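Colleague: With the input below, show me the fold.
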Amino acid sequence: MEEMSLTAPEPTALEIVRTRSLSSLVAQEIERMILSGALPAGERLNEQQLAAQLRVSRGPVREAVRGLERSGLVVAVRNQGSYVRTVSAQEALEIYDLRAAITGLACARLAEGAAPAQMATLRALVKRMDTARRADDPPSYYAANLEFHAALLSFGGGPRSQRLYEDLGNELHLFRRRALVQPENMRESNAEHATILKAIAAGDAAAARAAGEAHIAGGKRRFQATDATTKPGTGRKGENDDDQHDPSPPPAAGRRGGRPRRAG
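Modeller: Residues are numbered from 1 along each chain as shown. Next up, the predicted model:
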């Protein structure tokens with residue numbers, strides 16, 4: 001009599017593709033929940049609850065959470081689980097400085113040989129942002145702003161610059177969104193975009209680099225104006241307090257998700 005095999009059958013290629021596709025969709029939805037504030041900073045991700053909410057099995061949720069760890073939106077704490085990443089105000093300031101260097105480099109490279117189609121794309125995005133600003137529509141402005149910066153890096157940055165910028169940008173989404181709610185901030189931000197495009201169109205690499213760096217520095221300044229923790233002698237309580245959602249927030253972890261290596 002043949003012995004019964006207790007080993008689970010290997011998944012087929014089609015099953016793997018289906019699982020990965022589903023996990024990507026789940027990751028997009030969890031990312032949306034994080035960026036909208038539905039899953040606040042410091043919140044523990046309950047895989048079983050998320051699976052029930054999204055009407056999927058726990059497998060795709062687990063894979064999605066791992067992917068979000070790699071992107072920097074989620075941090076895994078050993079023996080405790082996965083949490084929505086909490087970025088301190090001081091760490092955010094450092095990330096702004098890193099983004100300024102990468103953005104300046106991309107703008108300078110683009111100024112050395114921007115194609116007409118690339119310029120048309122960037123100008124269209126600036127026009128979209130101006131329309132959103134005039135309509136006092138921060139969500140639409142922010143969406144177009146993300147597309148503009150992604151386009152700058154796609155056209156002027158290399159693959160590694162794009163990956164670094166994307167990872168850094170993911171960690172700042174909530175800060176950047178908050179800093180672009182005020183109409184004056186949207187107006188100022190888009191004026192800086194126009195300055196960048198003027199330098200790129202003129203083929204002036206030095207001016208383009210300076211404009212790109214100045215724009216990110218402006219974003220940093222706008223963030224500081226909306227965050228009390230960056231001002232000496234002040235604290236922060238209320239709507240954007242990192243600790244208000246969880247009386248016992250997870251230990252701080254390194255920027256790229258995963259293990260608690262150093263304080264944030």
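
Colleague: use CA for all of it now, contacts and neighbours both
Modeller: OK.

Colleague: Look up which helix or strand the spatially most central residue of the chain falls in, please.
Modeller: Note on the chain: the residue nearest the mean C-alpha position is Asn170, at 1.8 Å, using Cα atoms, centre = their mean. Under the criterion of DSSP states H and E, Asn170 resides in helix 159-179.

Colleague: The residue nearest to the centre of the chain and Val56, how far apart?
Modeller: The gap separating Asn170 from Val56 is 25 Å, by Cα to Cα, to the nearest Å.

Colleague: Next secondary structure element downstream of the helix or strand of the chain with the lowest mean pLDDT?
Modeller: None of the helices or strands of the chain scores lower by mean pLDDT, DSSP states H and E than helix 13-36, at a mean of 73. Sequence-wise, the next helix or strand downstream of helix 13-36 (DSSP H and E) is helix 47-54.

Colleague: Which neighbouring elements make contact with that following helix?
Modeller: Using 3 or more Cα pairs under 8 Å, 6 or more residues apart in numbering; DSSP states H and E, the elements in contact with helix 47-54 are helix 58-71.

Colleague: Whatever helix or strand comes next after the helix it packs on: partners in the sheet, and parallel or antiparallel?
Modeller: For helix 58-71, the succeeding helix or strand toward the C-terminus, using DSSP H and E, is strand 74-77. Partners of strand 74-77 in the sheet, by DSSP bridges, are strand 81-84 (antiparallel).

Colleague: Need the mean per-residue confidence for the partner strand.
Modeller: Per-region confidence: strand 81-84 scores 92 on mean pLDDT.

Colleague: So which residues make contact with it?
Modeller: With Cα atoms under 8 Å, 6 or more residues apart in numbering as the test, strand 81-84 has contacts from 34, 39-45, 65, 73-77, 250.

Colleague: show me where pLDDT drops low in the chain?
Modeller: Counting by pLDDT under 70, the low-confidence segments of the chain come to 1-20, 173-181, 227-264.

Colleague: domains for it, by residue range?
Modeller: Under the assignment automatic domain parsing, the domains of the chain span 18-84, 89-225.

Colleague: burial of Ser23, as a residue count?
Modeller: For Ser23, the count of nearby residues is 24 (other Cα atoms under 10 Å).

Colleague: I figured it hits Ala64, correct?
Modeller: Yes - using Cα atoms under 8 Å, Ser23 is in contact with Ala64, at 5.2 Å.

Colleague: and the nearest residue in space to Gly169 that is not next to it in sequence, how many neighbours does it have?
Modeller: Distance criterion Cα to Cα, 6 or more residues apart in numbering; nearest residue to Gly169, sequence neighbours excluded, is Arg99 at 7.9 Å. The number of residues packed near Arg99 is 22, by other Cα under 10 Å.

Colleague: same question, Arg160
Modeller: 9.

Colleague: re earlier: can you list residues touching both of Ser23 and Ala64?
Modeller: Common contacts of Ser23 and Ala64 (Cα under 8 Å, 6+ apart): none found.

Colleague: Just say helix, strand or coil for Val87.
Modeller: coil (DSSP: H, G, I helix; E, B strand; the rest coil).

Colleague: Do a quick rundown of the strands in the stretch 101-250 of the chain.
Modeller: Assigned by DSSP state E, counting those that start in this stretch, the strands in the stretch 101-250 of the chain number zero.

Colleague: Flag every buried residue along stretch 88-102.
Modeller: Using 16 or more other Cα atoms under 10 Å as the test for burial, stretch 88-102 gives 89, 92-93, 95-96, 98-102.

Colleague: ditto for stretch 58-74
Modeller: 58, 60-69, 71-74.

Colleague: I'd like to know which of these is nearest to Ala135.
Modeller: Closest approach to Ala135 among those (Cα to Cα): Leu73, at 30.2 Å.

Colleague: got a list of what the closest one touches?
Modeller: Leu73 touches 31, 34, 84-85, 170-171, 257, counting by Cα under 8 Å, 6+ apart.
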